[in-house]
Structure formats: C-alpha cells, structure tokens
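*Asks:* Just the structure for this:
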Amino acid sequence: MERKNFTDILVATLFAVLVSLALVVAFGLVAKAADLSDTALKIGVIVIKLLSLTLGLFFGVKRTEKGLLKGLSTGILYSAAGYLTFFFANGKSFSGVTVFDVIVPIAASMALGAFVVNLKGRA
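*Replies:* A predicted model of the protein is given here:
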C-alpha cells in the first residue's frame, strides 16, 4: 500500500477514535442523567461507532481511490483501538464483546469508505 493511502487510513482512524471519545463522554453524561435502558445504551453505542467512522473517513481520507480498502482498514484499526481500550479498562477481560460488535463497524466502514471516496471524487 502506498504511503499516502496509509496516511489517509491512520488519520481517519485517529479522527474516528477522538470523535468516539468525545461522544462517549457526552453520551455517558446524558445516560446517567436520563437513566437510559440497556437497549437504549446499546443503540447509542452503535450510533456513536457509525457516526465516528463516518466523520473519521470523511475528514481523514484525502485521496479518491481505494475506498473499500481504506474503509476496511480504518474499521479494523478503529475496532482494535476500541477493544484494546476496553480490554485494559475492564481489567484485561473481553467479556461483553460480541461478534456483532466487531462485524458491524468493519462492514459499515467498508461501505462508508467507498461512499466517501466516490462522494469526494465527484466534487
């Protein structure tokens, strides 16, 4: 992979992780104040992941090529960063992580990567 494409992936991942951190803090404050149900919390986490990946890819990807690959790579790195953080925050345990939690962000980021590259290519 070319260095420029690798840079796009790293910037997109970093941006997505930073957006996630900000949104998780905000959502945590809202969830605590509103006493949200478990279902609402799960939906909120999925929305945060998808929004973070969308913004990360949109602002991180500069070159209009290899959208699926950039999306896939960003999704994998984003998921890995999230689960490593979760792993260390939870006392080195992956309890609570499901296949759904891994597959959805990666699949969504592939589609988002292709969408963003094509959107920017037409502009």
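*Asks:* Low-confidence stretches in the protein?
*Replies:* For the chain, the stretches with pLDDT under 70 are 1, 92-96, 123.
*Asks:* where do the helices sit along it?
*Replies:* 3-34, 38-60, 67-89, 99-122 (DSSP state H).
*Asks:* can you list those helices in a markdown table and add mean neighbour count?
*Replies:* In short, each C-beta sits where N, CA and C put it, glycine included. Formatted as a markdown table, the helices of the chain follow (neighbours: other Cβ atoms under 10 Å):
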| stretch | mean neighbour count |
| --- | --- |
| helix 3-34 | 16 |
| helix 38-60 | 17 |
| helix 67-89 | 18 |
| helix 99-122 | 17 |
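*Asks:* Nearest spatial neighbour of residue 77, chain-adjacent residues omitted?
*Replies:* Excluding the flanking residues, the one nearest residue 77 by Cβ to Cβ, 6 or more residues apart in numbering is residue 13, at 4.3 Å.
*Asks:* do the same with residue 118
*Replies:* Closest to residue 118 by Cβ to Cβ, 6+ apart is residue 67, at 6.5 Å.
*Asks:* What separation do you get for that neighbour and residue 23?
*Replies:* Distance, residue 67 to residue 23, by Cβ to Cβ, to the nearest Å: 24 Å.
*Asks:* Next up, phi/psi of the residue nearest to residue 4 when sequence neighbours are not counted, please.
*Replies:* Ranked by Cβ to Cβ, 6+ apart and with sequence neighbours excluded, the top spatial neighbour of residue 4 is residue 63, at 5.8 Å. Main-chain dihedrals, residue 63, degrees, to the nearest 10: phi -100, psi 140.
*Asks:* so who does the residue positioned nearest the centre of the chain touch?
*Replies:* A centroid search over the chain (Cα atoms, centre = their mean) returns residue 53, at 3.7 Å, as the residue closest to the centre. Residue 53 sits next to 16, 74-75, 78, 105, 108-109, 112 when contact means Cβ atoms under 8 Å, 6 or more residues apart in numbering.
*Asks:* So which of the residues you listed is the closest to residue 2?
*Replies:* residue 74 (15.6 Å; Cβ to Cβ).
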